[in-house]
Structure formats: C-alpha cells, structure tokens
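*Asks:* got a structure for you, letters missing:
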C-alpha cells in the first residue's frame with residue numbers, strides 16, 4: 001500500500017493559511033483525495049472558531065497528558081500555548097488511501113519534514129505580500145495588544161524559515177492563492193501516481 005503524502009502548510013499568523021485550507025476543502029476533488037488534519041491547542045478559542053472544526057481546544061494539563069501518551073505526530077510550544085497534530089489523521093489518510101493536509105506552525109512543519117519517515121512530506125509556506133500587510137492582518141484579530149505584539153515578533157522569525165520550504169505562496173489575492181495551492185496539491189499527487 002502506498003504511503004500517504006503529508007502536505008504541510010505553515011507561515012506566520014495572519015497569512016491566511018486557515019482560510020485557504022477551509023476554502024480548499026469546499027472543493028470536491030480536494031475532499032475526495034485529501035484528509036484535513038485538525039490540531040489540538042491550549043490557546044483560547046477566538047470568535048467564529050468552533051471546537052472540532054478549527055482546533056480541538058484543551059487545557060494545558062490535558063495536552064501534556066496526551067503528549068506523555070505519545071498521542072501527537074508533532075507538537076510544539078508557540079508563544080505561551082501548545083499545539084499538536086494527533087496521529088489519528090495520518091492513520092485515517094492511510095486507511096482511506098488519501099493524502100493528508102496539515103496547517104501547522106513552522107517548527108512543527110520542519111520537525112515532520114526532517115523526522116517523519118513514514119510519509120513523503122511537501123512543505124508549503126504561506127505569507128502575506130508584505131510585513132506591513134501581515135501586521136495589519138494580525139492587528140484585526142480580537143486578541144490582547146500584548147499578544148499581537150508577540151505574534152508580530154514571531155512572524156519575523158517565521159518569515160526567515162520560508163527558504164526551507166518546497167513552495168512559497170504570497171497570499172495577496174485569495175482566489176489566486178487558492179488556485180495555485182490546488183494546482184500544487186494535484187500536481188504533486190499525480191506526479192507520484
């Protein structure tokens with residue numbers, strides 16, 4: 001049985017990763033060929049988010065218990081919160097003979113690319129057109145000003161990691177970025193087959 005490919009979407013907060021993944025999974029060819037992984041996090045739920053759709057929201061204690069049980073493919077602490085990808089979605093992708101899409105932070109993406117040998121990994125870095133635009137997007141979020149400052153500082157570090165990714169998409173226009181992403185996913189999928 002062929003191994004699933006893991007497509008890792010990373011990039012700074014505000015780049016549009018989650019929006020792009022959500023829009024991708026509205027397309028039938030994507031839903032037929034891919035499984036969407038949903039991460040666990042200890043961060044607070046934002047307005048408009050739903051547990052089990054956007055993230056699995058858990059306490060720090062619950063997260064650390066799961067980590068101890070070797071529940072995650074990868075897990076990282078980003079700023080003051082933990083994020084982790086459960087192994088479950090990889091098992092589902094394997095069982096259903098589909099590929100897996102993960103929307104995870106840069107450290108988690110690089111960890112999987114380097115260490116997870118049970119699958120081929122394709123990394124896609126998504127960014128806003130400029131640092132100024134990225135900061136403007138982050139400031140629109142309903143978060144404490146101090147957290148926004150921390151995210152802006154983190155985004156500068158994350159942008160430097162883009163050179164290690166297989167693809168880089170500058171998300172200036174959502175529909176163009178969506179078409180490019182879909183083309184990458186399908187080309188990589190059919191190239192292997």
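*Replies:* Alright, I've got the coordinates. The structure displayed is predicted, hence computed values, not measured ones.

*Asks:* ok, now which ones touch the residue nearest the centre of the chain?
*Replies:* Centroid-nearest residue in the chain, with Cα atoms, centre = their mean: residue 103, separated by 1.1 Å. Counting by Cβ atoms under 8 Å, 6 or more residues apart in numbering, residue 103 touches 9, 10, 17, 18, 21, 37, 39. Where C-beta positions appear, they are placed from N, C-alpha and C, glycine not excepted.

*Asks:* Looking at the residues you listed, which one is closest to residue 130?
*Replies:* Residue 130 has its nearest neighbour among the contacts of residue 103 in residue 17, at 17.0 Å by Cβ to Cβ.

*Asks:* how close does the closest one get to residue 69?
*Replies:* In this view, residue 17 and residue 69 are 28 Å apart by Cβ to Cβ, to the nearest Å.

*Asks:* returning to that earlier point: show me which of the contacts of residue 103 are buried.
*Replies:* 9, 10, 17, 21, 37, 39 (16 or more other Cβ atoms under 10 Å).

*Asks:* re earlier: can you redo the contacts of residue 103 as CSV with pLDDT?
*Replies:* Shown next, in CSV, are those (pLDDT from 0 to 100):
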residue, pLDDT
9, 97
10, 93
17, 90
18, 88
21, 93
37, 97
39, 96
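
*Asks:* I'd assumed residue 182 was in contact with residue 24.
*Replies:* Yes. Residue 24 is within contact range of residue 182, at 6.5 Å (criterion: Cβ atoms under 8 Å).

*Asks:* More neighbours: the two, which one.
*Replies:* residue 24 (20 against 16; other Cβ atoms under 10 Å).

*Asks:* Please name the nearest non-neighbouring residue to the more buried one.
*Replies:* residue 30 (4.9 Å; Cβ to Cβ, 6 or more residues apart in numbering).
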